[in-house]
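In: Okay, sequence plus prediction incoming.
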Amino acid sequence: MTSSTSKGTALITGASRGIGATYADRLAKRGYNLILLGRGEAQLKALSARLTEETERSVTPLRADLSDKADLAKVESLLRENQAITMLVNNAGIGSITPLLNTEVDKTDEMIALNITAVTRLTYAAAPAFVARAGGTIINIASTVGISPETLNGVYGATKAYVIALSHSLQHELADKGIRIQAVLPGATATDLWETSGLPWQKLPASIVMRPEDMVDAALVGLDQGELVTIPGLQDGDEWTRFEAARRALSQRFGNSAPAPRYGIGLPRSA
């Protein structure tokens, strides 16, 4: 049983199973009321009933397909209008392991709609409301393939690279307005995303597959510690610190009025 003091309401997308369901369990036990979104209505109701009984928190299941424009618009309205919401967990997403030439373009459209469009629209709905109240947290579930797009399907990697880039921009823009933005980059995690992508996680090397419970617990510790980007499977956190410092330093050297000498533009041509 948790304390009767609430930290507000966390809205979690893709909450019916896997990472989303684990976030629901952990956040309810941390004192959040919950709104749980997903397409699996029976699973949402069962999870909501269990968490209500175990934690005495208010848990509301809400069936919604975020790739459906009407459903997405309803959730956007909820985020804009419900002043009790203090946290958004953008977790819903689909993946793919097939090469570009073996992937139907309609499938990539579905992936973009859920992994990019829904994340963007929900963030745009939540952020102004959080700013108006001078507080709120947005957790974006990205993936390590966002910085290693060669690993799996290129469009999937690109959608997660978008989530990382969006999170960086939001951190830069909203940090001084009392808004916390965290990007979480799981590696291979034991969820059915792998099976729906065509490769059950049980067929992956056990040494690289993390339990969703461990992944979420690590991500929440990262949030507590103020991490902007959390990579639960990266053993040496200083490696990311150096990578990020190098990226930011390099970005300061992109703007020049003249092309680099290696291109020979504007230089005398040799005879």
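Out: Nice, thanks for sending it over. The structure presented is a predicted model; accordingly, all values stated were derived computationally and were not measured. Numbers count the residues shown, from 1 in each chain.
In: Show me where the stretch 101-250 of the chain has its strands.
Out: 136-141, 179-184, 229-230 (DSSP state E, counting those that start in this stretch).
In: got TSV for the ones you listed, with mean pLDDT, mean neighbour count and distance to Ala245 too?
Out: From N, CA and C alone the C-beta is placed, and that goes for glycine too. Below are the strands of the stretch 101-250 of the chain laid out as TSV (pLDDT from 0 to 100; neighbours: other C-beta atoms under 10 Å; distance: least, C-beta to C-beta, whole Å):
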stretch	mean pLDDT	mean neighbour count	distance to Ala245
strand 136-141	98	24	21
strand 179-184	97	23	17
strand 229-230	97	23	12
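In: could you dump the ones you listed to JSON lines with distance to Tyr124?
Out: Shown next, in JSON lines, are these (distance: least, C-beta to C-beta, whole Å):
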{"stretch": "strand 136-141", "distance to Tyr124": "11"}
{"stretch": "strand 179-184", "distance to Tyr124": "13"}
{"stretch": "strand 229-230", "distance to Tyr124": "21"}
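In: Contacts for the biggest helix by length in the chain next, please.
Out: Ranked by residue count, the top helix of the chain under DSSP state H comes out as helix 154-174. Residues outside helix 154-174 that contact it (C-beta atoms under 8 Å, 6 or more residues apart in numbering): 90, 93, 95-97, 99-100, 103, 108, 111-112, 115-116, 119-120, 123, 127, 130-131, 138, 140-143, 145-151, 179, 181-183, 185, 228-229.
In: same thing with stretch 89-96?
Out: Defining contact as C-beta under 8 Å, 6+ apart, one finds that stretch 89-96 is touched by 10-15, 19-20, 23, 27, 37-38, 66, 103, 107-108, 110-111, 114-115, 118-119, 122-123, 138-141, 143, 152-153, 155-156, 159, 163, 193-194, 196-198.
In: Please export the C-alpha coordinates of that stretch as PDB.
Out: Provided in PDB are the C-alpha atoms of stretch 89-96 (Å, rounded to 0.1, in the frame of the first residue of the first chain):
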ATOM      1  CA  VAL A  89       5.000   8.600 -20.600                       C
ATOM      2  CA  ASN A  90       5.200   8.300 -24.400                       C
ATOM      3  CA  ASN A  91       5.700   4.500 -24.600                       C
ATOM      4  CA  ALA A  92       3.400   3.200 -27.300                       C
ATOM      5  CA  GLY A  93       5.300   2.100 -30.400                       C
ATOM      6  CA  ILE A  94       5.900  -0.600 -32.900                       C
ATOM      7  CA  GLY A  95       9.100  -1.900 -34.400                       C
ATOM      8  CA  SER A  96      10.400  -3.800 -37.300                       C
END
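In: Give me the mean pLDDT for that stretch.
Out: Throughout stretch 89-96, pLDDT has a mean value of 88.
In: Just checking the distance from that stretch to the centre of its chain.
Out: Its chain's C-alpha centre and that of stretch 89-96 lie 7 Å apart, by C-alpha atoms, centre = their mean, to the nearest Å.
In: Can you pull up the most central residue in this protein?
Out: Ile141 (1.8 Å; C-alpha atoms, centre = their mean).
In: if I look at it, how far off is Phe254?
Out: 29 Å (C-beta to C-beta, to the nearest Å).
In: In what element of secondary structure is Leu27 found?
Out: Here Leu27, judged by DSSP states H and E, is contained in helix 18-29.
In: so what does that helix touch, helix or strand wise?
Out: Other elements packing on helix 18-29 under the criterion 3 or more C-beta pairs under 8 Å, 6 or more residues apart in numbering; DSSP states H and E are strand 9-12, strand 33-38, helix 41-55, strand 85-90, helix 212-224.
In: can you redo those as a markdown table with mean neighbour count?
Out: A markdown table is the format used below for the helices and strands packed on helix 18-29 (neighbours: other C-beta atoms under 10 Å):
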| stretch | mean neighbour count |
| --- | --- |
| strand 9-12 | 25 |
| strand 33-38 | 26 |
| helix 41-55 | 17 |
| strand 85-90 | 24 |
| helix 212-224 | 18 |
